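Chemist: Got a predicted structure plus its sequence, pasted below:
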Protein chains: 2
Amino acid sequence: MELQKNVIMQGDCIDILSRLPDRSVDLVFADPPYNLQLGGGLTRPDQSHVAGVDDDWDKFDSFDAYDLFTHQWLEECRRVLKDDGAIWVIGSYHNIFRVGAILQDQGFWIQNDVIWLKSNPMPNFKGTRFQNAHETLIWAGKSEASKCTFNYDALKVFNDDKQMRSDWMIPLCTGGERLKDEDGKKAHPTQKPESLLQRVLLATTNPGDTVLDPFSGTGTTAAAAKRLGRNYVGIERDETYIRLSRARLKAIEPIEGAVLETEKSKKSLPRVPFGALLESGWLKPGDRLFSPQRRYQARIRVDGSLTTGTISGSIHRLGAHVQQAPACNGWTYWHYEDPKRNLAPIDLLRRRYREEMGLN
Amino acid sequence: MELQKNVIMQGDCIDILSRLPDRSVDLVFADPPYNLQLGGGLTRPDQSHVAGVDDDWDKFDSFDAYDLFTHQWLEECRRVLKDDGAIWVIGSYHNIFRVGAILQDQGFWIQNDVIWLKSNPMPNFKGTRFQNAHETLIWAGKSEASKCTFNYDALKVFNDDKQMRSDWMIPLCTGGERLKDEDGKKAHPTQKPESLLQRVLLATTNPGDTVLDPFSGTGTTAAAAKRLGRNYVGIERDETYIRLSRARLKAIEPIEGAVLETEKSKKSLPRVPFGALLESGWLKPGDRLFSPQRRYQARIRVDGSLTTGTISGSIHRLGAHVQQAPACNGWTYWHYEDPKRNLAPIDLLRRRYREEMGLN
DNA sequence: TACTTGTCTGAATCCGAAG
DNA sequence: ACTTCGGATTCAGACAAGT
C-alpha cells in the first residue's frame, strides 16, 4: 500500500494507523490526550469558570487504560516509522512519565527531553502549587541504532551561534493564530503554537520528509510541515477539527526556494583530500608544515603524507602522533609558512580551494 | 521505634529505610542513580577527557532491574512518610520517566514537575543533540488526599512578588561549594547545588520539619535543612561521602528568615536569539536585511541564517564577512526596512520582542 | 589594584561514511 | 556486521597567572 501524503484522515487513531504501510514516514509528532484529572472543574478567584480540558477524548478510567492506549498507538507509530525515523511526543506531568517509560520499553531511544517554557502561562489561581509554566517533549529515535536527522548547524545559527539548549522559551498559541469556532470561543483546548512545531521540524526533518501526526487536532503539525516544505499525514477523529484544519492548511503558502535552505554542517561539504592542494599547486612536495608555535615540523611528501623523518602518515595521523593525542584534525593543526614567515592553518588553503572550485 | 534526627546513617538505602518507623518524616528528597548507560570515553574538542559518571552505583542490568530498585526504595519512603507528607525526586530523561510512572502507580499524587534549568550546563561536544541543559524534579504528595505544605507567599516574595514558576534557573554546583577530595578532584560526581535544595525546602517544609534523603551523597539536603532550621535524616552507603558530609554539616550555621532575603534568585536578562524574531513573526523568511546605507543586502532563511546568494551564515558571521572584519555585532549592523522604506537596526525588534514577552 | 588572558571543568546515553 | 579512518566538535564560570 502506498502512503497518501498531505491529507488529514478522519477516524480512530489506532484504527487508521494500523492501515498505514510499514517504514513509510520520517517523523512522528504526537500530542496525545493528557489524561487530565481535573476534579470537578476549576474556578478563578472571581468564581469564573476556567475552560479546562473536559472533552470525552481525554477521559481514561485508570492508569492501566491510559497505558494500554499509549502502548497501542506508539507500537503502530513504531511500525510506520522508517528505521532511521524519530518520534516526538509532548505532554505534561499528568501523562509524560508514562509515555516516556513506554517509549523506552518499546525500544525507542531517547535523544533529548525538551522543555517548552511558556512565556505567558496561565497563573495558578489557587496558590497551592507552582505556576505550571512548561510542558515536556520527548525526542526519541526508533531504536538505539537509528541515525536520526538533526540539523545541528541550522539550530545553532537560529540561536545566535550558540548550540540550541534543551529548554525553549516560546509563547502560548494566542491571538490571531488561535483557531476560533462560530461563537468566537477557542476551537480546541490545547492548540499548540506553530512556532513550536516549526522548531521541531527544522531541527529533525529535511525538506521533502513526511511527518505523521496521529492526534492532528487543529492541524498545527500539518501547517508547520506545509509551510516548511515537508509532507504531512494527519489523523483526527473529530470532524469539526478536520474542517477547521483543512481551511487552515488551504491558506498556508509554503516557503520555497533558497530561503528554505538551512545552514549545512561541515561534514556535508565535499571532501578535499590533502593531496589536492599539492596537485593544484597550493603546496609543494618538500614544503614544511608547522604545529602551532612551531613546536613540531614535518615535510610534505609527494603522495600527500607528512613525515618527521622517522615517522610519517596522514596530516591527521601525524598530528595525533606528535601530540600523543588519540585524534587530531590535521587541517587546523598543521600550518604553512607564507612569504612573510607567518603561519596560517592549511585549512585556509582548503577553504580557498573550495571557493575556487565552487565546492561550497 | 523513635526516629533519630540530624544524623547521616551508613548502609544500604533500602535496608536502612526498612528499619525507620512508619509515618515519621515530613518530606523525602531523593537523588537516586540515573542509570545513565554511558558509552565509551568522551573528549572535548581540545582533546581533553570528560569525567563522566562511571561509578558502580549507577549501573543496572536492565530497565527492569532499575524499575525494581526504584519500586522498592519508593515503597519504603512511602511507608516512612507522614500522611500529609510529600516527596521530591530529581532525575534526567534516562530515569525520570520511569520514576514518575512508578510514583503514580504507587498512589503518590504529583503536584508539579519542576525543571532545574542549568545556567552553565556542559555543552554537547560532538554536535549530536540539543545541549542537555536541565534536569527534572517531581514533587508529589503521599496521596491525592495529602495536604502538602506549600509556602506560597514565601516563594512569591522570593520571586519578586510574582508566582514562582515551575522552571528554576540555578547554576551548577561549582567552585568553592563543590566538595573536593585529597587530590583536589571533585569528591562526588553529581553534587547538587545547595540553592536548589534551599528552594525545595523553603517551598515545601516548615521550620522544625524532618527531611529524609535516602541517597545523601555529600549531604547537600542535610546541609540545606540545617541551614534552614529543618531536621534531617540522611542515608548513604559510601563512608567517604559520609565523612565529608559530616565535616560539611559541622561548619554550617543555621540562618534566620530575614537573612534569606539575601538569597533571592538572581535574575539575568534572557537571551533572545535571532531565530525567535522569525518564530514570532517580527521578521519572515525571505525578508531582506541591509547594512547601513544599503551597501550590502542579504535575505533571511528559515533557520535565521542570512544569505547573499553565494555566502551564508549567522547575522554576525555574514556581517563580518561582507565588511571583511574579524567580527561583527549583527544586531546593530543589519537593518530591516519598515513600510515607509526607512531602515532600522534589527536590535530594535529584539527590544520590542523583550518588552512584549515581559522579559525585561 | 584593575584588567586581560589562559586553563580547567561540569549527571553525557556525544561521528559517520566508506570499505 | 565488522573495521578503518578522515576530520568535526564546546558554553559558562571559576580561578590563576600575567600585565
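Modeler: Good, I have the coordinates.
Chemist: what's the neighbour count on residue A:64?
Modeler: Residue A:64 has 10 neighbouring residues, counting by other C-beta atoms under 10 Å in any protein chain shown. All C-beta spots, glycine's among them, are computed from the backbone N, C-alpha and C.
Chemist: An error on my part: the question was meant for residue A:7.
Modeler: The local packing of residue A:7 (other C-beta under 10 Å) involves 15 other residues.
Chemist: do you know how far it is from residue A:257?
Modeler: The gap separating residue A:7 from residue A:257 is 25 Å, by C-beta to C-beta, to the nearest Å.
Chemist: try residue A:178
Modeler: 30 Å.
Chemist: Over to residue A:242?
Modeler: 31 Å.
Chemist: neighbour count winner among these two?
Modeler: Each of residue A:242 and residue A:257 has its neighbours counted (other C-beta under 10 Å); residue A:242 has more, 21 against 12.
Chemist: buried sites along whatever helix or strand the more buried one lives in?
Modeler: Using DSSP states H and E, residue A:242 maps to helix A:239-250. Using 16 or more other C-beta atoms under 10 Å in any protein chain shown as the test for burial, helix A:239-250 gives A:241, A:242, A:244, A:245, A:248, A:249.
Chemist: Quick one: name the residues of the stretch 201-350 of chain A near DNA strand C.
Modeler: residue A:267 (C-beta under 7 Å from any atom of the strand).
Chemist: Just the closest residue of the stretch 201-350 of chain A to chain B, please.
Modeler: Nearest to chain B in the stretch 201-350 of chain A, going by C-beta to the nearest C-beta, is residue A:262, at a distance of 4.0 Å.
Chemist: So for residue A:122, what pLDDT did the model give?
Modeler: What the model reports as pLDDT for residue A:122 is 88.
Chemist: go on, residue A:60?
Modeler: Note for residue A:60: predicted pLDDT of 73.
Chemist: rewinding a little: dump the residue contacts of the residue of the stretch 201-350 of chain A closest to chain B.
Modeler: Residues near residue A:262 by C-beta atoms under 8 Å, 6 or more residues apart in numbering or on different chains: A:151, A:153, A:154, A:157, A:202, B:301, B:302, B:303, B:305.
Chemist: Counting neighbours, what do you get for the fifth one?
Modeler: This points to residue A:202. Residues lying near residue A:202 (other C-beta under 10 Å) number 24.
Chemist: Now do the same contact list for the nearest residue to residue A:30 once chain neighbours are set aside.
Modeler: Nearest residue to residue A:30, sequence neighbours excluded (C-beta to C-beta, 6 or more residues apart in numbering or on different chains): residue A:89, at 4.9 Å. The contact partners of residue A:89, by C-beta under 8 Å, 6+ apart, come to A:30, A:31, A:32, A:96, A:99, A:100, A:103, A:137, A:138, A:140.
Chemist: Let me know the closest of these to residue A:147.
Modeler: Closest to residue A:147 out of the contacts of residue A:89 is residue A:140 (13.4 Å), distances taken as C-beta to C-beta.
Chemist: Might you report the residue contacts of the nearest residue to residue A:81 once chain neighbours are set aside?
Modeler: Nearest residue to residue A:81 in three dimensions, chain neighbours excluded: residue A:142, at 5.0 Å (C-beta to C-beta, 6+ apart). When contacts are counted by C-beta under 8 Å, 6+ apart, residue A:142 touches A:78, A:81, A:82, A:83, A:84, A:85, A:86, A:87, A:107, A:108, A:109.
Chemist: how near is residue A:142 to DNA strand C?
Modeler: Separation of residue A:142 from DNA strand C (C-beta to the nearest atom of the strand, to the nearest Å) stands at 12 Å.
Chemist: circling back to that earlier point, moving C-terminal of the helix holding residue A:242, what's the next helix or strand?
Modeler: helix A:274-279.
Chemist: residues making contact with that following helix?
Modeler: The list of residues contacting helix A:274-279 from outside it, by C-beta under 8 Å, 6+ apart, reads A:283-285, A:300, A:302-304, A:314-315, A:330, A:346, A:349-350, A:353.
Chemist: partners of the residue in chain A positioned nearest to DNA strand C in the sheet?
Modeler: As assessed by C-beta to the nearest atom of the strand, DNA strand C sits closest to residue A:110 within chain A, at 3.8 Å. Judged by DSSP bridges, the bridge partners of residue A:110 are residue A:140.
Chemist: quick one: which of the contacts of residue A:89 sit in strands?
Modeler: A:30, A:137, A:138, A:140 (DSSP state E).
Chemist: What separation do you get for the residue of the stretch 201-350 of chain A closest to chain B and residue A:157?
Modeler: 8 Å.
Chemist: what's the overlap in contacts for the two?
Modeler: Residues within reach of residue A:262 and of residue A:157 at once, by C-beta under 8 Å, 6+ apart, are B:303, B:305.
Chemist: Whatever helix or strand residue A:299 lives in: what's the following helix or strand?
Modeler: Per DSSP H and E: residue A:299 is located in strand A:297-300. Counting by DSSP H and E, the next helix or strand C-terminal to strand A:297-300 is strand A:306-307.
Chemist: Just list what that next one packs against, helices and strands only.
Modeler: Under the contact criterion of 3 or more C-beta pairs under 8 Å, 6 or more residues apart in numbering or on different chains; DSSP states H and E, strand A:306-307 touches strand A:297-300, helix A:315-323.
Chemist: Strand partners (parallel or antiparallel) of the next helix or strand after that strand?
Modeler: Past strand A:306-307, further along toward the C-terminus, the next helix or strand under DSSP H and E is strand A:312-313. The pairing partners recorded for strand A:312-313 under DSSP bridges are strand A:306-307 (antiparallel).
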